[in-house]
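A.B. asks: Sequence first, then the predicted structure:
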Amino acid sequence: MSTHTSQTLDTNKLDEMVAEADTGKRAPTGRIALALLFLLPLCWSLFQLWIGSPLPSQFGFGFLNDTQSRALHLAFAVSLAFLAFPAFSRSPTHRIPWLDYIFASVGAFCAAYLFLFNDELAMRPGLPTTLDLVVAGIGLLLTLEAARRSLGPPLMIVAIFFLLYVFFGDASWLPEVLRWKGASFEKAMTHMWLTTEGVFGIALGVSSGFVFLFVLFGALLNQAGAGNYFIQVAFALLGHMRGGPAKAAVLSSAMTGLISGSSIANVVTTGTFTIPLMKKVGFSPEKAGAVEVSSSVNGVIMPPVMGAVAFLMVEYVGISYIEVVKHAFLPATISYIALLYIVHLEALKADMRGLPRATPARPWKVAILRSGIIVSSVMILAGVLYYLVLAIKWVLGGWSHIGLLALVIGGYMGLLYMSAKSKDLDMDTTEGAIVKLPVFADIYRAGLYYLVPLVVLIWFLMVERKSPGLSAFWASLLMAFILVTQKPLKAWFRKQSNIKSHVALGVWDLVEGLITGARNMIGIGVATATAGIIVGTVTLTGVGQVMAEFVELLSGGILIVMLLMVALISLILGMGLPTTANYIVVSSLMASVVVELGAQSGLIVPMIAIHMFVFYFGIMADVTPPVGLASFAAAAVSGGDPIKTGFTAFFYSMRTALLPFLFIFNTDLLLIDVTWWQGIVVFFVALAAMLIFAAATQGYFFARSKHWESAVLLVVAFTLFRPGFWLDQLLPPHEHYAGAELMHYIEQHPEMENVRLAVEGENLDGRWIETTVNLPLAPTGSASNRLYDGAGIELRDEEGRLFIDSLAFGGVAEQMKLDFDWEVTGFDIENQRPAKEWFFIPAFLLVLWIIRRQKKRAAK
């Protein structure tokens, strides 16, 4: 067999793996089946573009409420799951069995039931008919089967487990701590299917309203050739360095992570190019696969999309999208830079070299100067563009949208003209094809126009502060225009004669992009619906409270043990689940556990930090054996052992596993309540800490480290990440006062903006609660007025003891789940202490000492 044939077979196998995980591997030959798998995804994409656009509200027709759009969204997803994904591995892929047509039709009807009978259901809330319950029951079963086909068994098994708890939670054989009163079939189906508490809840709404358009945007961008462009640019920039292909793999995965929500697709897309080249410069198959897995999975934590989790966080945490991106940016960035450093250390240990350069190397001073000029030019260009847009708005006023459209189209045309002067990038790179690296100066012009839709998307999100859905709609519309026009315009600029054929190719590219985007959404749509079953169970049964009691019992109330247990449970729950479902499950079950048990230990943490904590550990399941699907995909490319690849990838990802604990104890890393200059300091210190941690775990810094040197480096990394720990050992962060002194203290300190209260009491379920809350104070008035106006809480004094007398409806205190007659046992006032940053000085001195020792050793 020829090498070319072997490579073709390998490529087909990898394409089949991606299809099996993301788009469905069924490729029928019959006309009806082909037509359905062509028209349904196309109609789904057009439907989502319609409801995501401002057109329905402007024209006054075709407008759907949230429930109706969610119902049709799920109808498309479920029907396509049955048509595109075979029931079993041995099921036919060249045809669709008649039973799957029936399942697809019935599943679509059950999902669309809330759309078809929206008015009737609204007239009788909580009073379901027999037909309602039958449709709900069948719809639930078909949704579970659709999840099994498109995502594998894990999510379906977890959802069934929770459904069984709904019906049999009152069984006598269950431990008493886990029991609840149970639910009838009518109550369960109403909650799960006929309301927005279960399947048609927030998660499916986010999938329908935001996620689809971002996935579609990524599919269109990739269809235009942006993925290949990013890979080529990464190799041109980094391929010549030590272990260059591995560094290029990290950078290209970071860039393609912007347009892909799938770690498996990311592994295969970039891995088919990067893994063979990593092996070529000296990486073992397992290490080459592990680098690709670690960098691809990290794409899920990289803003602005974060595998669709960014939009779910907006809904669950209750903060703006801009805030989510701001909090997620720093950890994701330093995690990627640290992975680059780990790759560099691996290359140093094995004395690897990079790929041959196409041009002679420049002196490092010239390279740094050129890089500085490029970065400065980009920043200046961004500033000019910002003020140019403001000038257009000021000059044109109400007609500014025409001027801005002309600016976007003009920018696209200009960059496309530059691209037409360059040679088109090769889209079909095969193993061993690269002998010399591409020259950055030759290739960067070829795809600069891909940045136009990305700039438009970021502009709408960050500057205009439009909703994520509307921003993605305009960016997708621009991408559709680019797909249709890029080939004919290039032909025209190059004075070629076959422009009509290029127009046809452009239209076909658009259609393929729309179909691919929709098929990429099948698993996500079904996953968010199935995860809704788990969320519905939590809201119906209160199992979240049970989880808190369970973790508290096993951890013995020790905070760090509790966090380790939550991390482990999040990791287990995330095994085999796609990113979106993964986050929905772990946040629904575990976020409240961290909140409650942390507060009992006196730890008050912002909700975004808690959600980031469980999310990071949930996605670690993508690399962890035995269910790490991304590791299996990488092993298929590298030819290495998948289990060993998974463990190596997990070892490389330890830096990602470290970050969540730091979120909890040092929220500066999430840029919470820091000024811009503090943010810059936090970035550089956190980056230094992460690189030092990577060096310690790899056993190599400037030379091979001795064990005690690695231990010292770990202590230094800990100090840089959490300097407050050592300060707390010297001076406690708060001074505690008895509750009876609270009112007098507030009267004597009018400058106080908030107060940290320790309260305890019995909740409605009969549980004794001890917790700590941080309540705001109004700026003026008596102590009682400041508490009530600021936090909505009124206290009464009974023989020197303070109790909660009343709570304002919707006030801060009520939102923190305080209750009547709870006692204020004390309050904490922050101590005046020196800045915790003073501990950075001895930490950096220790690093310099170890660097000096290792350099001397390396010189010998």
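C.D. replies: Nice, I can see it.

A.B. asks: just the helices in the stretch 251-400 of the chain please.
C.D. replies: Assigned by DSSP state H, counting those that start in this stretch, the helices in the stretch 251-400 of the chain fall at 263-280, 285-298, 309-317, 321-349, 364-396, 400-420.

A.B. asks: what's the second one packed up against?
C.D. replies: When contacts are defined as 3 or more C-beta pairs under 8 Å, 6 or more residues apart in numbering; DSSP states H and E, helix 285-298 sits against helix 244-256, helix 263-280, helix 321-349, helix 629-638, helix 642-652. The way it works is simple: take the backbone N, C-alpha and C, and place the C-beta from them, glycine included.

A.B. asks: 10 Å instead?
C.D. replies: Judged by 3 or more C-beta pairs under 10 Å, 6 or more residues apart in numbering; DSSP states H and E, the packing partners of helix 285-298 are helix 244-256, helix 263-280, helix 321-349, helix 629-638, helix 642-652, helix 654-665.

A.B. asks: Figure out which of these is closest to F839.
C.D. replies: helix 654-665 (14.2 Å; C-beta to C-beta).

A.B. asks: Now do that closest one and helix 321-349, the angle between them.
C.D. replies: Put simply, helix 654-665 runs at 140 degrees to helix 321-349, going by axes from the mean of the first three to the mean of the last three C-alpha atoms, to 10 degrees.

A.B. asks: Let me know the distance separating the spatially most central residue of the chain from V314.
C.D. replies: Residue closest to the mean C-alpha point of the chain, counted by C-alpha atoms, centre = their mean, is M306 at 2.7 Å. Going from M306 to V314 by C-beta to C-beta, to the nearest Å gives 11 Å.

A.B. asks: Overlap in contacts, those two.
C.D. replies: Here M306 and V314 share the contacting residues V324, V325, scored by C-beta atoms under 10 Å, 6 or more residues apart in numbering.

A.B. asks: In space, what's closest to A531 - neighbours in sequence excluded?
C.D. replies: Leaving aside its chain neighbours, A531 sits nearest to I584 (3.9 Å; criterion: C-beta to C-beta, 6 or more residues apart in numbering).

A.B. asks: any idea how far L659 is from the one you found?
C.D. replies: Per C-beta to C-beta, I584 is found 21 Å from L659.

A.B. asks: of the two, who's got more company?
C.D. replies: I584 (27 against 24; other C-beta atoms under 10 Å).

A.B. asks: mind listing the helices in the stretch 551-700 of the chain by residue range?
C.D. replies: Going by DSSP H, counting those that start in this stretch, the stretch 551-700 of the chain shows helices at 559-573, 579-586, 592-600, 607-619, 629-638, 642-652, 654-665, 676-698.

A.B. asks: I'd like the ones you listed laid out as a markdown table, including mean pLDDT and distance to L37.
C.D. replies: Below are those laid out as a markdown table (pLDDT from 0 to 100; distance: least, C-beta to C-beta, whole Å):
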| stretch | mean pLDDT | distance to L37 |
| --- | --- | --- |
| helix 559-573 | 83 | 33 |
| helix 579-586 | 80 | 23 |
| helix 592-600 | 79 | 42 |
| helix 607-619 | 86 | 30 |
| helix 629-638 | 80 | 24 |
| helix 642-652 | 86 | 30 |
| helix 654-665 | 83 | 37 |
| helix 676-698 | 90 | 45 |
